[in-house]
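**Q** Show me the folded form of this:
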Amino acid sequence: DDRQAAAWYLHAAHQGHAPAQHSSGLCSAHGIGVRGDMQKAAQWFQAAAAQDYAEAQCSLGVCYEAGSGVAQNLASAVHWYHKAAAARCVQAYFDLGQCYALGKGTVRNVPRAQWYFRKAHAGGIEAAEQELARLAGGGQG
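**A** Numbering: from 1, shown residues only. Okay, here's the model as predicted:
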């Protein structure tokens, strides 16, 4: 059951296991087996991100982009997306594509956005193809 799974993740998270810290963050973010708490989620993402766990770095970027569980800081979102992308996190490629396409947390840079969207599409994110088409048509992403 969800509560037991969340408890096991939490147990391993407290022992410093980065994947479990990320999973505990996801449980807190989505209220799976525990009460939803975005501040707690962001804290778990931060703990795992500090251990170079790419998925947590991307999740932390999402928190900073949305101002969910942390103060909104678009430059910090881009920073964490870059760290995750450096570790080949496909979702981070997509998120960086959006940031560069729209100039969120960085200067708008269409060629760079296209590069990241191509990487995301190659990694299986179908929405990246739509973003590439939008940019090719002169849209802003």
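**Q** Tally up the residues packed near residue 36, please.
**A** 12 (other C-beta atoms under 10 Å). (Each C-beta comes from the backbone N, C-alpha and C, glycine too.)
**Q** was I right about it contacting residue 26?
**A** No - here residue 36 lies out of contact with residue 26, judged by C-beta atoms under 8 Å, at a distance of 10.9 Å.
**Q** Give me the secondary structure label for the closest residue to residue 118 other than its chain neighbours.
**A** In space, and not counting its chain neighbours, residue 118 is closest to residue 132: 6.8 Å by C-beta to C-beta, 6 or more residues apart in numbering. The assignment at residue 132 comes out as helix when based on DSSP: H, G, I helix; E, B strand; the rest coil.
**Q** quick one: residue 132 from residue 107, how far?
**A** For residue 132, the distance to residue 107 equals 20 Å [C-beta to C-beta, to the nearest Å].
**Q** again, but for residue 115
**A** Taken as C-beta to C-beta, the span from residue 115 to residue 107 is 15 Å.
**Q** Identify the residues contacting stretch 14-32?
**A** 2, 5-6, 8-13, 33-34, 36-38, 40-45, 47-48, 51-53, 55-56, 59, 68-69 (C-beta atoms under 8 Å, 6 or more residues apart in numbering).
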